[in-house]
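Student: below: sequence and its predicted model.
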Amino acid sequence: MTDSDKKPLLIKRYASRRLYNTETSDYVTLEDIAGFIREGREVQIVDLKSGDDLTRQYLLQIIAEHESRGESVLPVDVLNDLVRSYMTPGASVVPQFLQASFEMLRNGQSQMLDQMSALNPMAKMPGFELMRAQQEAFMKAVSGGVGWGASGPQPEEDEGAGKEDLDAIKKQLAELQDKLSKLK
């Protein structure tokens, strides 16, 4: 793991509200920042003048923009529960609960993929590693970009190609599940 993987990517927001990537010395958009996060990078966004940490505000904005484009990030019931939880006493439990839940989900997914390779006799079949990589990409896409396993950075794709790839992965996964059920 390199130094740049350990420390967050520092993004500075100028008074003009433009976002500046301090590693590459260029301006970035919210979509660029979302891409960094999908690749597994942590980001920190700070106001250049005040030094205030704006990371949370911008991450929420990224989620809101995806929702406004019809890309359902969270079910409406969950959004309602979040709003309710922040409007009632004891709301401080919710962030810790969500963080613990996502950590359990990441750990469970990683363990499942490891066990799938280690215990599955199909792991020795040609093409199994490709299938595993496709499943990791599928889980990452379904989870809205939350980092899963050790798949590393994924190449950027346009949104249309990503949807087609996701559909293809879903179809392949269904076919694989069908084959596995027949083997039992």
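Tutor: Cool, got the structure.
Student: look up phi and psi at residue 19.
Tutor: Main-chain dihedrals, residue 19, degrees, to the nearest 10: phi -110, psi 130.
Student: for residue 54, see how far away it is.
Tutor: 9 Å (CB to CB, to the nearest Å). No exception for glycine: its C-beta is placed from N, CA and C like everyone else's.
Student: same check on residue 164?
Tutor: Residue 164 sits 35 Å away from residue 54, going by CB to CB.
Student: more neighbours, these two?
Tutor: More crowded of residue 164 and residue 54, by other CB atoms under 10 Å: residue 54, with 17 against 11.
Student: show me what contacts that one?
Tutor: 13, 45-47 (CB atoms under 8 Å, 6 or more residues apart in numbering).
Student: save those residues as CSV, and put in distance to residue 78 and secondary structure too.
Tutor: Shown next, in CSV, are the contacts of residue 54 (distance: CB to CB, whole Å; DSSP: H, G, I helix; E, B strand; the rest coil):
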residue, distance to residue 78, secondary structure
13, 29, strand
45, 25, strand
46, 29, strand
47, 30, strand
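Student: check these and tell me the two furthest apart.
Tutor: The distance between the two most remote of the contacts of residue 54 (CB to CB) is 8.2 Å, for 45 and 47.
Student: touching both of the two, which residues are there?
Tutor: With CB under 8 Å, 6+ apart as the test, residue 45 and residue 47 both reach 12-13, 54.
Student: and those residues as TSV, adding distance to residue 179 and pLDDT?
Tutor: Formatted as TSV, these follow (distance: CB to CB, whole Å; pLDDT from 0 to 100):
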residue	distance to residue 179	pLDDT
12	51	97
13	51	96
54	49	96
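Student: so which of these is the closest to residue 61?
Tutor: Using CB to CB, residue 54 comes nearest to residue 61 of the shared contacts of residue 45 and residue 47, at 9.6 Å.
Student: look up how far residue 66 lies from the residue lying closest to that closest one once chain neighbours are set aside.
Tutor: With CB to CB, 6 or more residues apart in numbering as the measure, residue 45 is the residue that lies nearest to residue 54, at 4.6 Å, once sequence neighbours are left out. Counting by CB to CB, the gap from residue 45 to residue 66 is 17 Å.
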